[in-house]
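Asker: Attaching a predicted model along with its sequence, questions to come.
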Amino acid sequence: MRAGIDCRIVVGGMTFLIEDILDLEAYPLDQPDHMVCDELMSEKQRNWQAEGAFSLSAFLRPGMADRAAAELTALMNVDSFRHDERHNIYFSDDTCEIPPALASTQLRTSNWTLTCDQLGGTIIRTIYEWPPLCEFIRRVLALPSLHRMADPMACLNVMSYGEGDCLDWHFDRAEFAVTLLLQAPESGGQFEYRRALRTHDNPNYDGVQMLLKGKDRNVRKIEPTPGNLSVFAGFGSAHRVSPIVGSRPRMMAVLSFMEEPDFQYGPEDRMRFYGRSSPQSSNSDGAGTP
């Protein structure tokens, strides 16, 4: 057992420690003074500054993504919400300040979703609530503070995309997003993004229109690889998941960390994305500041 860290989880009758789940030899995030961790942080800071993104490849140990996907599939089959809607790239119903051409461009997102209050005792929630992960991201992004999102539903989501499902072009509300891919589809499901398409000071509506017309040559594509953790600047970078092909779903987790310690969704947003406005009474603890 690693000093000072005692994260245990029982999956299928087997007990796992955090070092059984994550490759902490390659990524010793719980040892910030370790030379390997120091070099890793410097490398990821360079990636972030140059690309607006960084990743931890094979962050999960071999076979652990499959275990996580299997236990989540069981939950998906009985407890998930079917999210299927038409939307604009801003996921916004307030179109007063958006050019009509962008406000009226209809995109589609469809998936099955689980929320944090449904994920107690799972591998993915254990990873999300492991304090060194939040602290490592904070240090790479050079933020004064960082917290697990306070919303007991939105702080951790798992999305499953079946055949024909997709996550169409959109911007995130938060400055950055953290995702962990747990299962790749047979085909399709590439993560596509256009870095730095807008800023808080410049919405770049013309550039957004070019992207939606398929005329932006700076779009990058990443093939889905289970076990990889990715961090990218989701507020300024438009991104999507291309349609899924085949019977095996694409499954990913979205781990939300915020600079504000008390941020939560309103009931309207919860209804829109999760089909209910309040968390389940059980398993709803654990969100918020470590």
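Answerer: Right, received. Where do you want to start?

Asker: hey, where'd the helices end up in the stretch 1-150 of the chain?
Answerer: 18-21, 35-51, 64-79, 100-103, 123-128, 131-140 (DSSP state H, counting those that start in this stretch).

Asker: With respect to the ones you listed, which exhibits the lowest mean confidence?
Answerer: For the helices of the stretch 1-150 of the chain, mean pLDDT drops lowest on helix 100-103, to a mean of 91.

Asker: what packs against it?
Answerer: helix 205-212 (3 or more CB pairs under 8 Å, 6 or more residues apart in numbering; DSSP states H and E). In this view, the C-beta of every residue, glycine as well, is placed from N, C-alpha and C.

Asker: so for the helix it packs on, what's the average pLDDT?
Answerer: 97.

Asker: CA atoms only: put that helix into PDB for me.
Answerer: Provided in PDB are the C-alpha atoms of helix 205-212 (Å, rounded to 0.1, in the frame of the first residue of the first chain):
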ATOM      1  CA  TYR A 205     -18.900  33.800 -34.900                       C
ATOM      2  CA  ASP A 206     -17.400  33.700 -38.400                       C
ATOM      3  CA  GLY A 207     -15.000  31.000 -37.400                       C
ATOM      4  CA  VAL A 208     -17.700  29.000 -35.700                       C
ATOM      5  CA  GLN A 209     -19.800  29.200 -38.900                       C
ATOM      6  CA  MET A 210     -16.800  27.900 -40.900                       C
ATOM      7  CA  LEU A 211     -16.400  25.000 -38.600                       C
ATOM      8  CA  LEU A 212     -20.100  24.000 -38.900                       C
END
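
Asker: which strands and helices sit next to that helix?
Answerer: Where contact means 3+ CB pairs under 8 Å, 6+ apart, helix 205-212 is packed against helix 100-103.

Asker: Using CSV, write out every CA atom in the helix it packs on.
Answerer: Only the C-alpha atoms of helix 100-103 are listed here, as CSV (Å, rounded to 0.1, in the frame of the first residue of the first chain):
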residue,chain,number,x,y,z
PRO,A,100,-29.4,33.8,-36.5
ALA,A,101,-27.5,31.4,-38.7
LEU,A,102,-25.7,29.9,-35.7
ALA,A,103,-28.8,29.9,-33.4
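
Asker: Quick one: residues in contact with it.
Answerer: 88-90, 95, 205, 208-209, 212 (CB atoms under 8 Å, 6 or more residues apart in numbering).

Asker: I'd like the distance between residue 158 and residue 115.
Answerer: 8 Å (CB to CB, to the nearest Å).

Asker: what's across from the closest residue in space to residue 227 that isn't next to it in sequence in the sheet?
Answerer: Nearest residue to residue 227, sequence neighbours excluded (CB to CB, 6 or more residues apart in numbering): residue 60, at 3.9 Å. In this entry, residue 60 is beta-bridged to residue 22, by DSSP bridges.

Asker: List the contacts of residue 60.
Answerer: So residue 60 contacts 21-23, 68, 180, 226-227 (CB under 8 Å, 6+ apart).

Asker: 10 Å instead?
Answerer: When contacts are counted by CB atoms under 10 Å, 6 or more residues apart in numbering, residue 60 touches 21-23, 66-68, 123-124, 127, 180-182, 226-229.
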